[in-house]
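The sequence and its predicted three-dimensional model are supplied below.
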Amino acid sequence: IEGIIEILGENAAKILFRIAGLSYLLENKPEYNFDPCITIPEQASIYNSIADLLGFTGAMGVWRRIGYTVLKYAHQYGGVLDAFNDLPPDEKFERSMEVFILGSGKGRIAKTGDGPVDFDCFDCIHCKGYTMDRPMCTHYEGFVQYLADFAYGKNIYRARETECKALGASTCYFKLEKRE
């Protein structure tokens, strides 16, 4: 919630949560912990309301920032990744990804060789019912990007969705690509 307020501003967040029917979340903000504060359909309502307010193209950038900022706040205020600070980068990324999967209840780790693991969101509901000409699950890109920045440092990798159900794929799949 703090991440959405940071990105959109207080007034736009109030409008967004009112449209989504979730004003109570602003009035009584949940703690940063692993206890679910909203359901998956409520989360989908927030993302759909962003698209209603900003249009689809504008929403994609905001969704990515929300994904990144949500994990940033969970880490900064909840300390959810602190136990991994001293691990080697690849292990730090994989362990952090495990925590994200546990906390979100979505996806699984996919190992494709040496280096960073991938994120396979076979159970993605964000793009359910959409047919697009490009991947659309940018909030997951934001989550994965935060974990990459945490594990490897900023500007080392870029998270990209390489497969998306909205494109007809069987899964939504995310990889880290080395920046040049």
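Ah, there it is. Numbering: from 1, shown residues only.

switch to C-alpha atoms for all contacts and neighbour counts from now on
OK.

Let me see the mean pLDDT of stretch 135-148.
For stretch 135-148, mean pLDDT rounds to 95.

Residue 30 contacts residue 37, doesn't it?
Yes. With contacts counted by C-alpha atoms under 8 Å, residue 30 reaches residue 37, the gap being 6.3 Å.

The longest helix that the chain contains packs against which elements?
Once the chain is assigned using DSSP state H, the helix that runs over the most residues is helix 40-78. The contact analysis (3 or more C-alpha pairs under 8 Å, 6 or more residues apart in numbering; DSSP states H and E) places helix 40-78 against helix 2-8, helix 10-19, helix 138-152.

Now with 6 Å, please.
helix 138-152 (3 or more C-alpha pairs under 6 Å, 6 or more residues apart in numbering; DSSP states H and E).

quick one, the helix it packs on and helix 40-78 angle?
20 degrees (axes from the mean of the first three to the mean of the last three C-alpha atoms, to 10 degrees).

Check which helices and strands helix 138-152 sits against.
With contacts taken as 3+ C-alpha pairs under 6 Å, 6+ apart, helix 138-152 sits against helix 40-78, helix 89-104, strand 157-163.

switch the cut-off to 10 Å
Helices and strands touching helix 138-152, by 3 or more C-alpha pairs under 10 Å, 6 or more residues apart in numbering; DSSP states H and E, are helix 40-78, helix 89-104, strand 118-121, strand 157-163, strand 172-178.

for the first one, which positions count as buried?
If you call a residue buried by 16 or more other C-alpha atoms under 10 Å, then helix 40-78 has these buried ones: 45-51, 59-60, 62-75.

Let me have the helices and strands packed on helix 138-152 in a markdown table, extended by mean pLDDT and distance to residue 20.
Shown next, in a markdown table, are the helices and strands packed on helix 138-152 (pLDDT from 0 to 100; distance: least, C-alpha to C-alpha, whole Å):
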| stretch | mean pLDDT | distance to residue 20 |
| --- | --- | --- |
| helix 40-78 | 88 | 5 |
| helix 89-104 | 93 | 20 |
| strand 118-121 | 97 | 24 |
| strand 157-163 | 97 | 26 |
| strand 172-178 | 96 | 25 |
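
closest one to residue 1 among those?
Closest approach to residue 1 among the helices and strands packed on helix 138-152 (C-alpha to C-alpha): helix 40-78, 7.6 Å.

how about the helices and strands packed on helix 138-152 in a markdown table, adding distance to residue 111?
What follows is those, written out as a markdown table (distance: least, C-alpha to C-alpha, whole Å):
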| stretch | distance to residue 111 |
| --- | --- |
| helix 40-78 | 22 |
| helix 89-104 | 10 |
| strand 118-121 | 6 |
| strand 157-163 | 15 |
| strand 172-178 | 10 |
